[in-house]
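Peer 1: okay, here's the prediction I keep looking at, along with the sequence it came from:
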Amino acid sequence: MTRIEFYVLPDSTKAGRTRAACQLAAKGWQHGLPVFIRCQDESQCAEMDDLLWGFRAERFIPHVLFDEDPQAPVVIGLEQAPAIGQGLLINLAPTLSPHTDGFSRVIEIVNQQPELLTVCRENFRLYRQRGYDPKRVEL
């Protein structure tokens, strides 16, 4: 069954959340997992693409937008199904992915922004309703 984790950040900044997504994508890729970063809209896809280009000066994280190469090591997209199964989904969108079962692991990144906390609490509840056992990880 897919492992679901909510990584809880201590701050409420948008930048902290996207930086955590970059760090998790790099870690997943380094461990040989295909990574899919699911964004909330095209603007966030472009932002994540830009951030990953300059994230680690000493080591490039190979990434692309889904439409360019859905089988790249790190893919940035929206609602697309993963081209390579059983990888890591980093979910930055406010809703659950319709393709959760296509991943071995799902990470939701939560910060202390009140609106996001409300959305993530609801997502936690929805995962439980669907038979998953989500875990909370404090960062």
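Peer 2: Arrived safely.
Peer 1: can you confirm I37 is in a strand?
Peer 2: Yes - under DSSP: H, G, I helix; E, B strand; the rest coil, I37 falls within a strand.
Peer 1: that one contacts A25, doesn't it?
Peer 2: Yes - with contact defined as Cβ atoms under 8 Å, I37 reaches A25; the gap is 6.0 Å. In this view, the C-beta of every residue, glycine as well, is placed from N, C-alpha and C.
Peer 1: please enumerate the shared neighbours of those two.
Peer 2: Common contact partners of I37 and A25 (Cβ atoms under 8 Å, 6 or more residues apart in numbering): 63, 74, 90.
Peer 1: list the contacts for the closest residue to the second one other than its chain neighbours?
Peer 2: In this case it means V74. Of all residues not flanking V74 in the chain, H63 sits nearest, at 3.7 Å (Cβ to Cβ, 6 or more residues apart in numbering). Under the criterion of Cβ under 8 Å, 6+ apart, the neighbours of H63 are 25, 37, 49, 52, 72-76.
Peer 1: now the element after the top strand by length along the chain, going C-ward?
Peer 2: Ranked by residue count under DSSP state E, the longest strand found in the chain is strand 103-110. Counting by DSSP states H and E, the next helix or strand C-terminal to strand 103-110 is helix 114-129.
Peer 1: what residues of that following helix count as buried?
Peer 2: By neighbour count on 16 or more other Cβ atoms under 10 Å, the buried set for helix 114-129 is 116, 119-120, 123-124, 127.
Peer 1: what angle sits between that helix and strand 103-110?
Peer 2: 150 degrees (axes from the mean of the first three to the mean of the last three Cα atoms, to 10 degrees).
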